[in-house]
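> My questions are about this predicted structure, shown below with the sequence.
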Amino acid sequence: MTDVRSSKIRSNLSRKMAQPGGRTIAEALARADQGVEGHREAAMRKLGDHLEQLETISRQREPGCETLIYDRAAAFLDMAGFFETGPLYTAAFSLCQLSDRMTALGVWDWPSVEVHLRALRLILSSGCVTGAASDEVLNGLAAVARRYA
Amino acid sequence: MAQSPRSSDRVNLEQITVLLIDDNPQALDILSSIVMGFGVREQIRCSSAVEACQIVKTRQVDLILVDCAMPEMDGYDFVRWLRRETPAPTRHMPVIMISGHAANSKVMKSRDCGASFVVTKPLTPRVLLQRLVWLASDQREFIECETYVGPDRRVRNFGPPLGMAGRRKGDLSAHVGEAVEPNLDQADIDSIIKPRRVAL
């Protein structure tokens, strides 16, 4: 049996946050939200760049490029995850899941990737709006991803 | 169990030093804006975990926010190094790991690395602040054994803070439903707790 030690530790974070002062939660959130919004335009441009890279990789299909699809999709998701991007985030997550599972299973299906990229392009160009159309697109992607679940 | 913070509650992050680690400069800018909005005055930005290792060896910080996916040394390896290779109190630093997509191959690594919290995206300022407030009142013990060093992972025992729905499938609801049977009358209650003489 291995030796297990446990201790009660009060962090500096805890001590300092217990000091009086600071700002209200509402004010802190409002300022942070405002700060994030200031980055939205540049982030959406970056998402467009990521998507172009994904489309190029998918078009060229060079040997061994499958892992790049996951890496780029994960980078896309990372950036989209800072903002309220609704269906765009869900579609990117689905592409990450799909490429991760296909790599683990040792199979690769380019049409499944392409349908995800077309969906991402469609959602991005329509302003990431949630509605019946985006729901239908996401249901389609979920059906594709389920094949490799 | 921590109380869910109200909008009018105050949060004081003015005196803390935060270390932000992300290889993506744009993500680093966004994180920086968030913590600045929370009132943090001192933040150190690192574009790699290797650089962050040097920082924590020489400076005391109060909180670390680290992205999980980075080249060379990822966030999981960084936290593992922090928990196992540094002396106290550095090894006890609260760490919030930020995760985008968790690949199947990384799930165990994430569970075992010893982060105080792993927050998955979408990451809103509200979620991050809730975790911070929660971390400030963290009751968990710090566990050190051969296979794991970090805060007790059995956070499930404490449940989500009151008033919050929780983000895990297994989180229990704090909602108390309608009574399905009539209340016990006082005589019934008395009979349950009434001391009785027993023959030994």
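All right, it came through fine.

> Any idea how many residues pack against residue B:138?
Neighbours of residue B:138 under the rule other Cβ atoms under 10 Å in any protein chain shown: 21. (Each C-beta comes from the backbone N, C-alpha and C, glycine too.)

> is it true that it touches residue B:116?
Yes. Under the criterion of Cβ atoms under 8 Å, residue B:138 makes contact with residue B:116 at 7.0 Å.

> Mutual contacts of the two, please.
Listed as contacting both residue B:138 and residue B:116 by Cβ atoms under 8 Å, 6 or more residues apart in numbering or on different chains are B:94, B:151.

> need the contact list for residue A:21.
Listed by Cβ under 8 Å, 6+ apart, the contact partners of residue A:21 are B:10, B:12, B:14.

> hmm, stretch A:128-142 touching chain B?
No. Using Cβ under 8 Å from any Cβ of the partner chain, we find that stretch A:128-142 stays clear of chain B, coming within 12.1 Å at best.

> Tell me how far that stretch lies from the chain's centre.
Taking the mean of its C-alpha atoms, stretch A:128-142 sits 16 Å from the chain's own mean (Cα atoms, centre = their mean, to the nearest Å).

> for the chain, which helix is longest?
I'll assume chain A. Taking DSSP state H as the criterion, chain A has its longest helix at helix A:40-60.

> try again with chain B
helix B:25-38.

> what angle do that one and helix A:40-60 make?
150 degrees (axes from the mean of the first three to the mean of the last three Cα atoms, to 10 degrees).

> Where does pLDDT dip in the chain?
In the absence of a named chain, this looks at chain A. Across chain A, the ranges flagged by pLDDT under 70 are A:1-2.

> meant chain B, my bad for not saying
In chain B, residues with pLDDT under 70: B:1-5, B:155-176.

> please redo it, this time with the cut-off set to 90
B:1-10, B:69, B:71, B:100-112, B:117-118, B:120, B:134, B:137-140, B:153-200 (pLDDT under 90).

> Centroid-nearest residue for it?
Centroid-nearest residue in chain B, with Cα atoms, centre = their mean: residue B:117, separated by 3.2 Å.

> Bridged to it, which residues?
Note on residue B:117: beta-bridge partners residue B:96, judged by DSSP bridges.
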